[in-house]
Structures are given as C-alpha cells and as structure tokens.
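A.B. asks: Sequence below, structure please.
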Amino acid sequence: MIMLVHYNKVGTVSLGRSAFVGRNKRSALRRMANTFGAMRFAYCALHGLREKGVMALLVATALVVTSPAWAAGEDKIAVAYPDIGEPYRAIFEKIVEGIEDRANSRVVKYAVKPSADSAELKTALRRQDARVVIALGRQGMKAVTPDRGMAMVVGGVVTVPESEARGLSVVSLSPDPALLFARLKVLMPAAKRVHVVYDLRHNAWLMRLAREAARAQGLELVAYEAQDLRGAMQQYQAIFAVVDSRTDALWLPQDITTVEEGSVLPLVLQESWNRSLTVFSSTFGHVRRGVLFALYPDNVALGKSLAGLALGILASGNHGEHGMMPLRDVRIAVNLRTAQHLGLDLRRQQPSFDLVFPEP
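C.D. replies: Down below sits the predicted model:
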C-alpha cells in the first residue's frame, strides 16, 4: 500500500487523503491516477515522486494497491433486497453480508418493500452511479428497472421464466445437479438410475444440466413431465411400479407443481419408505420429513459469488454468463434415521455433514 506524506512549511506531518496535499495538488494527483491508472501512479510513487513538499513513501512490502476509500471513479454495486420479516430477513441479511465481504466499499444497499416505487429506486440507482445491481428475491427483482448500460445480477430466487432471464445473470436457489449426483454416488455407490418428475415450464433449463451431470457420474436420468397435480401423481405411481430400490433413486427438485407439499410429498415419502427407495431433494425442509439428504444454500458464500459476478462485469464491461445458473454454494443435510432404514452406513462420512436429523 502507498501512503502519501506531506511535510508542510512548519515541519509537521499530516497523513491521509484529506491532508496529504492542497486542493490543487490533490486534483492534479487524482487526474494523474485517472489518466495513467492506479498502478502506474503507484510506480511513480515508488521511485520517489517529489513536488513542492510532497513525498511518496512505501510503507508496506507487498503488492501495491489503492485504498477503496479514496480511489477515484470507483463504480458502485447496488444491492436491492426484500424488506420482509423473519425467518427470510435473516437469510437475505446473510447473503448481503457475503456481498459486502467480497465487494467492500463498493456496495450500496436498498431494502425494498412490496410497495416500492420502481421509478424512485431507479432514480436512486442513477444518483449513486451504480453500474451493476444485485437484485435478491422476487421482490428485489421486480423493483429494479436498470438503465441502459446498467447490468443486473439476480439471486435468491428458485426460478425465473427463461424469457425473463435472457440478458440477466440469475443464480437460482436450485442446487447444481452435478453436486447432487456426485453426493448421491458417495452416499449410495450402487446408484445407477435417477428418476425425477418436473414441470417443463419451471425446470426445463435445470433438466438440461441434469442430463449432462448424470452422464458425467455414470447415471441414467429418467425424467417425467407433468403440468398439474394430477399428472404428477400419475407419474410417481408409474415410477413406484418399476423402481429397483437397490440401484434406483428419486430426486425431488424445487418444483411447485410436481413436489407439492400438501398431497404429493406425503405420498412420495410414504411409498418410498415402504419400498426402501432412496429419495434426495433440492429442498432443505424435506430432510426433516424423511428424505436421505438435501443440498441447501450457504448464504454467505452465495453472496460472495453474486458479488464476484458483479465485480467481473465491472472489470470486463461484459455482462458475462446470461440466463439461469444453478446454486453451487451449498451445504448438506442428512437424515441418519433414513440412512439406517436404507441400510447405508454413513458413520465415516458424518463429520462432513453440515446438519443431521434427527438432531442429536
């Protein structure tokens, strides 16, 4: 790091940006940094730049960096997140914590109420000169209407229609199938086939990824489409009629049509238990109810990843990867009672689990 030290006429020393040079000299130095870049300016400083009492000293022997507190022309990253009650408030606060950890002083936060005025928020974003907006949750996404030249990253949503996701970078709360299938093979090495029921309108993008991920793990993915509750029930009955519990497993994606909590899930859990069929899920709450395992978000790590996307956009000027992306910042929860019922010995692997049920 470079510190500028100003020796004034009476021999006292002042440190920091507010006192190291006079107004004119400060403006000149700032223009110099803008013109030649912070690294070239630091290079000059290292070689003993002196002009009318200004001396640059090297005060740390490491990489030369500029302090975000006084770097000229620093672009801002706005974060729009829902202003809602618990337990969801704590989740979004952790995501924001991760964003701030990664992006530091660039972050400007906006808590968005359901009645938020999009025009007012847009004016506020323009006033802050925000170049990238991270919108969290459906509420945050709906409130933001970015200006031309303002990129948008979305997180904390399960899915977005692919037509709406074009031109955006959307990190879903649906775990990456590659991570799910890799974990399945570790917990159930005999697995050869994975069954899944999904609604094409919500999860077509996820199934494309799932097919590739299954091939990579030597698994056969058998995907069944359903567009309503009745169709989903029929597909599950068809699955239960043909499964081999020794080598088959059932995946429950985040899908409001095919993994409906009131009637579909209880049926699936009961029939799977009766047949000793391994069921794994993309929803944390299902583990408590009896599925073998689920992957769920590491919220702070997710925030850091969202900030990384935003910083990448600022650095390159390129909006980068567009459309829906799966969640890769995950933790694992495992139901040990279900594992015992299935004849799986997970004692050696238990230290790697983030949460276990039943709780000790």
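
A.B. asks: secondary structure class for residue 135?
C.D. replies: For residue 135, the assignment made with DSSP: H, G, I helix; E, B strand; the rest coil gives strand.

A.B. asks: neighbours of it, just the number please.
C.D. replies: 28 (other Cβ atoms under 10 Å). C-beta coordinates here come from the backbone N, C-alpha and C atoms, glycine included.

A.B. asks: and it, what does it touch?
C.D. replies: 80, 141, 143-144, 152-155 (Cβ atoms under 8 Å, 6 or more residues apart in numbering).

A.B. asks: what's across from it in the sheet?
C.D. replies: Applying DSSP bridges to residue 135 gives these bridge partners: residue 80, residue 154.

A.B. asks: follow-up on the earlier one: can you redo the contacts of residue 135 as a markdown table with neighbour count and distance to residue 174?
C.D. replies: Below are those laid out as a markdown table (neighbours: other Cβ atoms under 10 Å; distance: Cβ to Cβ, whole Å):
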| residue | neighbour count | distance to residue 174 |
| --- | --- | --- |
| 80 | 28 | 21 |
| 141 | 22 | 16 |
| 143 | 24 | 23 |
| 144 | 22 | 22 |
| 152 | 21 | 19 |
| 153 | 26 | 17 |
| 154 | 27 | 13 |
| 155 | 32 | 12 |
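
A.B. asks: Make TSV out of those residues and add pLDDT.
C.D. replies: Shown next, in TSV, are the contacts of residue 135 (pLDDT from 0 to 100):
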residue	pLDDT
80	95
141	90
143	90
144	89
152	91
153	94
154	95
155	96
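
A.B. asks: Tabulate the residues you listed (JSON lines), appending distance to residue 252.
C.D. replies: Converted to JSON lines, these look like this (distance: Cβ to Cβ, whole Å):
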{"residue": "80", "distance to residue 252": "31"}
{"residue": "141", "distance to residue 252": "25"}
{"residue": "143", "distance to residue 252": "31"}
{"residue": "144", "distance to residue 252": "31"}
{"residue": "152", "distance to residue 252": "30"}
{"residue": "153", "distance to residue 252": "28"}
{"residue": "154", "distance to residue 252": "24"}
{"residue": "155", "distance to residue 252": "22"}
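
A.B. asks: Retrieve the pLDDT associated with residue 229.
C.D. replies: Here the pLDDT value assigned to residue 229 is 95.

A.B. asks: from now on call the first residue 504
C.D. replies: Understood, numbering begins at 504; the last thing we discussed is residue 732.

A.B. asks: Touching, it and residue 768? I think so.
C.D. replies: No: counting by Cβ atoms under 8 Å, residue 732 does not reach residue 768; the two are 11.5 Å apart.

A.B. asks: Buried ones in stretch 694-710, by neighbour count?
C.D. replies: 694, 696-702, 705-706, 708-710 (16 or more other Cβ atoms under 10 Å).

A.B. asks: rewinding a little: residue 732 and residue 768: which has the busier surroundings?
C.D. replies: residue 768 (20 against 14).

A.B. asks: what's the helix or strand for that one?
C.D. replies: For residue 768, the host element (DSSP states H and E) is helix 767-778.

A.B. asks: for that helix, packing partners?
C.D. replies: helix 732-745, strand 751-755, strand 781-784, helix 788-792 (3 or more Cβ pairs under 8 Å, 6 or more residues apart in numbering; DSSP states H and E).

A.B. asks: what's the closest of these to residue 639?
C.D. replies: The closest of the helices and strands packed on helix 767-778 to residue 639 is helix 788-792. By Cβ to Cβ, the value is 20.4 Å.

A.B. asks: Need the contact partners of the closest one.
C.D. replies: Contact partners of helix 788-792, identified using Cβ under 8 Å, 6+ apart, comprise 755, 768, 772, 784, 796-797, 836-838, 858, 860.

A.B. asks: any idea how far residue 707 lies from residue 670?
C.D. replies: Using Cβ to Cβ, to the nearest Å, we find residue 707 at a distance of 18 Å from residue 670.

A.B. asks: Then residue 585?
C.D. replies: Distance, residue 585 to residue 670, by Cβ to Cβ: 22 Å.

A.B. asks: ok, these two, which is more surrounded?
C.D. replies: Between residue 585 and residue 670, residue 585 has the larger neighbour count (other Cβ under 10 Å), namely 24 against 11.

A.B. asks: Ignoring the adjacent residues along the chain, who's closest to the more buried one?
C.D. replies: Spatial nearest neighbour of residue 585, excluding adjacent residues (Cβ to Cβ, 6 or more residues apart in numbering): residue 642 at 3.9 Å.

A.B. asks: Going by secondary structure, the residue positioned nearest the centre of the chain is in what exactly?
C.D. replies: Central residue of the chain (Cα atoms, centre = their mean): residue 805, 3.2 Å from the mean position. Taking DSSP H and E as the criterion, residue 805 maps to helix 802-819.

A.B. asks: Skipping its backbone neighbours, what lies nearest the residue nearest to the centre of the chain in space?
C.D. replies: residue 832 (4.5 Å).

A.B. asks: need the contact list for that neighbour.
C.D. replies: By Cβ under 8 Å, 6+ apart, residue 832 lies in contact with 800-801, 804-805, 807-808.

A.B. asks: again, only this time at 7 Å
C.D. replies: Applying Cβ atoms under 7 Å, 6 or more residues apart in numbering to residue 832 gives the contacts 800-801, 804-805, 808.

A.B. asks: repeat for residue 709
C.D. replies: 677, 680, 756, 829.

A.B. asks: Checking my notes, it in a strand, right?
C.D. replies: No: assessed by three-state DSSP, residue 709 does not belong to a strand; its assignment is helix.

A.B. asks: Could you measure from it over to residue 797?
C.D. replies: Distance from residue 709 to residue 797, counting by Cβ to Cβ: 15 Å.
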